[in-house]
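>>> Just a sequence and a predicted model for now, questions to come.
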Amino acid sequence: MTDTPVDEPVDDVDNAPELAEVRGVIDQLEEWRVAQNDVLLRLQLQVSLARHMGSQETFDLVASQPLLEPDNPARVTNAIHLAVQWHRGQWDAGRPGVPYVCHPLRVMSRFDDPSHQLVAVLHDVGEDCVDGDEEREAWWAMLTEMGATRDEVTALQALCHRPGEPLRTYWERVSTSALALAVKDADVDDNDSAERRALLPGDVAARLEAKYADYRAWRATVPG
């Protein structure tokens, strides 16, 4: 290798073979970068299809792009990208100018472990972004195809509060997964902050305060 700065032109023809090899490597890296960006762009465009979840095209896409594989160093970043796309158009109840996705991002920031981070940032998708049991089942399958582990998918399933489901039944299911329980604790801590309640209408704040007090009383009886 020469010591010529990479940001200066090189005219030495004697280095042509070496420079050609270097340029080839750079071209390959650029192709890889473009391909990765293209994957994310395609995924972004496919999210609307995933809402209907019957699309073979969606499953073919995610099956060929293991964005959430445990050995993928960008798995948490990819999970954040998914959360942003799924929660697009949703806003914080107390601060209408703040995107709702800020909540799962805050919950995620309480953890250092990638599995906890992945589950935390995606924990509201199954409950708030898909419609009906069939779509939810397809969402879990989609995550599996993308490389999420069984424990992660199980935790996300446990964290999804179904319509009409009694809270105690929901919390008991959450308690069957240590990963889900840790994320639920962080979720409640974020939702139950005094600063957040102060931004809500009085009746809503009172209802949520009672709900989270009930959760904490239940949680005190659960090991872990």
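Received it, and whenever you're ready, just let me know what you need.

>>> Please count neighbours and contacts with C-alpha atoms only from this point.
Fine.

>>> where do the helices sit along this structure?
When secondary structure is read from DSSP state H, the chain shows helices at 16-50, 56-64, 75-86, 102-108, 114-122, 125-128, 132-145, 150-158, 167-174, 178-191, 194-197, 202-219.

>>> What are the contacting residues of the last one?
In other words, helix 202-219. The list of residues contacting helix 202-219 from outside it, by CA atoms under 8 Å, 6 or more residues apart in numbering, reads Trp171, Val188, Asp192, Arg197, Ala198.

>>> what do you get for the third one?
Judged by CA under 8 Å, 6+ apart, the contacts made with helix 75-86 from elsewhere in the structure are 40, 44, 47, 67-69, 101, 105, 114, 117-118, 121-122, 125, 129.

>>> Check the burial of Leu82 by counting its neighbours.
Counted with other CA atoms under 10 Å, the neighbours of Leu82 add up to 19.

>>> ignore the last one, Gly224
By the criterion of other CA under 10 Å, Gly224 has 9 neighbours.

>>> Equivalent analysis for His81, please.
When counting by other CA under 10 Å, one arrives at 16 neighbours for His81.

>>> do the same with the one 5 residues further on
As a burial measure, the neighbour count of Trp86 was computed by other CA under 10 Å and equals 23.

>>> Quick check, pLDDT for Ser55.
The predicted local confidence for Ser55 comes out at a pLDDT of 52.

>>> same deal with Leu118?
According to the per-residue confidence, Leu118 scores 97 in pLDDT.

>>> quick one: contacts for it?
Going by CA under 8 Å, 6+ apart, the list of residues near Leu118 reads Arg75, Val76, Ala79, Ile80, Met108, Glu152.

>>> most surrounded residue in the residues you listed?
When neighbours are counted as other CA under 10 Å, the busiest of the contacts of Leu118 turns out to be Met108, with 26 neighbours.

>>> who's in contact with it?
Taking CA under 8 Å, 6+ apart as the contact definition, Met108 lies against His116, Gln117, Leu118, Val119, Ala120, Val121.

>>> Can you give me the neighbour number for the second one?
Gln117 is surrounded by 24 other residues when neighbours are defined as other CA under 10 Å.

>>> now do the last one
Counted with other CA under 10 Å, the neighbours of Val121 add up to 27.

>>> Tell me the spacing between it and Phe111.
Here the distance between Val121 and Phe111 works out to 10 Å (CA to CA, to the nearest Å).

>>> ok, back up a step: of the contacts of Leu118, which pair is most distant in space?
For those, the maximum inter-member distance is 14.7 Å, found between Ile80 and Glu152 (CA to CA).

>>> Show me the shaky parts of this structure.
Within the chain, the segments meeting pLDDT under 70 span 1-65.

>>> go again using 50 as the cut-off
With pLDDT under 50 as the threshold, the chain has low-confidence stretches at 1-15, 38-45, 48-49, 51-54.

>>> and stretch 120-127, how far apart are its ends?
Terminal residues of stretch 120-127 lie 13 Å apart, using CA to CA.

>>> how about JSON lines for the contacts of Met108, with distance to Met146 added?
Putting the contacts of Met108 into JSON lines (distance: CA to CA, whole Å) gives the following:
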{"residue": "His116", "distance to Met146": "17"}
{"residue": "Gln117", "distance to Met146": "16"}
{"residue": "Leu118", "distance to Met146": "12"}
{"residue": "Val119", "distance to Met146": "14"}
{"residue": "Ala120", "distance to Met146": "17"}
{"residue": "Val121", "distance to Met146": "16"}
